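Peer 1: Sequence first, then the predicted structure, then my questions.
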Amino acid sequence: MKKLINFFLLFNVFLVFAQAGVNSYNFGQSPQSAMINPSYDLETNYHLTIPLIGSHNIHVASSGMTAYDFLASNSIPFEDKARSTVYQLEANDYIVLNQKMEFLNLGQKLRNGMYLSFGFYEELDLFSTLPVEFLHLFYEGMSIPGKMYKIDDFVMQSNLTMVYHVGVQKKLTNKLDIGIRLKLYNAAYDVQATSNAGNFSSNISDENIYSHSLNDIDIKLRTSGGAIKYDENNDPIKDNGDIILENNSGDEVYFDDYFRVGYLVNKTFINGNKGVGIDLGVTYQMKENLILSASINDLGAIFNMNQVKNYSYKGNYTSDGLAFEWDSPIGYLQRLEDDIDEHIPLTIDGNSYTTLRPFHVNAFVSFSHGKSRKNVCKFHKTVSHYYTGNFGVLIHAQNRPRQILYDASIFYERNFNDFIKARINYTLNKYSATNIGLAVAVDWWKLNVFAGVNNVLGLTNLAKSNSVSAQFGINVMIK
């Protein structure tokens, strides 16, 4: 079992490559910036993000451990490294994985001055805390009688979603821009365990007899998009060995179908659970060289009604004087399992449920300085093109189950000429005190190219790094 736990920790640590996304808020006149702030003026008449290769974003976050904690080249045995890492974890340490790929992003300025944009992108999202106290249990066993190991702090949520969107940006006055974007979600799958409770404890009596208790167990796992069919005994229904899945269309779908490209494409693009959401943004030019802006993204929900299966365990169980039956070990274990199932039964239902999206909130301020460049282009109305230099602050927060993730960035931006712009930023959070990011935007001919990376110093030794994230975009801009 310890080997299994060590593998689990090692698997998770390989996700520790990034913390905060690239700071592209109000940067580079790129459509990727407008996806974060719907009120951002792209200063163009048309745009097209090159399909599939045009925009990619990877963002992975973890707290409490790095790959170096496990893989350091020293005389310490791997199991000792794993144990040390487990005991430095806290209950609110977590893992986040977020990946996006744009398939289409189009925009056009309308005659009334509004800028219309629409498109769709794929998003894979995972958030999970670590069951820290139960990890302690695997190392401590029954060596500490009376200690309770809770599972309350463990939460997990993951989904694969196609997001279809349409938005408008409008300059209300010379100083005020607003934007709104409506979204339709199509979720291929959703898995969540966000409401868990209970604990395990061991005690020893005066007669030196151990008792083991599962107390107030209430564990819920909700799933949609790949529900397995069960019989009246809660056993999966099979056809020639193939597990049959729930399917609202009436056609039989098998577990192996999830590995067929055609089924996956249909599920991801069209035939998933639906939801709605909204993005809002506002930008105010307080002075000629001072801008205030704020946005909220993915304020919405997905309504899981198709291919739903929910699993729950609820109850209490105590085993007194556990004595292993050497003459019939298999029968003994089966009786023990049956006894636990009787007191903490598994309940399966197909009740629909709602998944709230992990929405983001951004607050931004920038101050421009240096040589004025008001004559760059008649379409360039924003402060970033008036001056050669620009510095500011970005505050970002994201809602996650049972906690809010937040970070603050300060940045400096430089316009080298009419074509090249660069930004350097420092991000402050609980993971790193040396998170420095770089971003570059290049306008050449009718192309806008954007690239950015965070935690540049961590790139020199990824094993010791808590964070790294990257974003890339290529867009056609017609002014």
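Peer 2: Thanks, I have it.
Peer 1: Doesn't residue 342 lie inside a helix?
Peer 2: Yes. Under DSSP: H, G, I helix; E, B strand; the rest coil, residue 342 falls within a helix.
Peer 1: separation between it and residue 199?
Peer 2: To residue 199, residue 342 is 20 Å away according to CB to CB, to the nearest Å. Placement of C-beta: from N, CA and C, glycine included.
Peer 1: Tell me which of these two has more neighbours.
Peer 2: residue 199 (18 against 10; other CB atoms under 10 Å).
Peer 1: Backbone dihedrals for the more buried one, both of them.
Peer 2: phi -160, psi 160 (degrees, to the nearest 10).
Peer 1: Residue 163: what secondary structure?
Peer 2: Per three-state DSSP, residue 163 ends up strand.
Peer 1: Distance check, it against residue 295.
Peer 2: 16 Å.
Peer 1: out of those two, which sits in the more crowded spot?
Peer 2: residue 295 (25 against 22).
Peer 1: dump the residue contacts of residue 125.
Peer 2: Counting by CB atoms under 8 Å, 6 or more residues apart in numbering, residue 125 touches 97, 98, 157, 158, 159, 160, 161, 358.
Peer 1: switch to 6 Å and redo it
Peer 2: Residue 125 is in contact with 98, 159, counting by CB atoms under 6 Å, 6 or more residues apart in numbering.
Peer 1: Find me the pLDDT at it, would you?
Peer 2: Listed pLDDT for residue 125 reads 95.
Peer 1: Give me the distance between it and residue 302.
Peer 2: 11 Å.
Peer 1: where does the stretch 151-300 of the chain dip in pLDDT?
Peer 2: Applying pLDDT under 70 to the stretch 151-300 of the chain picks out residues 205-208, 240-241, 246-259.
Peer 1: Tell me where it has helices.
Peer 2: 261-269 (DSSP state H, counting those that start in this stretch).
Peer 1: I'd like to know how many residues surround residue 214.
Peer 2: Per other CB under 10 Å, the neighbour tally for residue 214 reads 19.
Peer 1: no, scratch that, I was asking about residue 285
Peer 2: 18.
Peer 1: Who are the contact partners of it?
Peer 2: Contacts of residue 285 by CB under 6 Å, 6+ apart are 175, 291.
Peer 1: Check residue 184 too.
Peer 2: residue 164.
Peer 1: Distance of it relative to residue 160?
Peer 2: 15 Å.
Peer 1: The nearest residue to residue 231 once chain neighbours are set aside: how many residues sit nearby?
Peer 2: Excluding the flanking residues, the one nearest residue 231 by CB to CB, 6 or more residues apart in numbering is residue 237, at 5.6 Å. For residue 237, the neighbour count with other CB under 10 Å is 12.
Peer 1: Provide the secondary structure category for residue 134.
Peer 2: Residue 134 ends up helix, using three-state DSSP.
Peer 1: per-residue pLDDT, it?
Peer 2: pLDDT at residue 134 comes out at 83.
Peer 1: With adjacent residues omitted, what lies nearest to it?
Peer 2: residue 149 (5.7 Å).
Peer 1: Quick check: beta-bridge partners of the one you found?
Peer 2: residue 200 (DSSP bridges).
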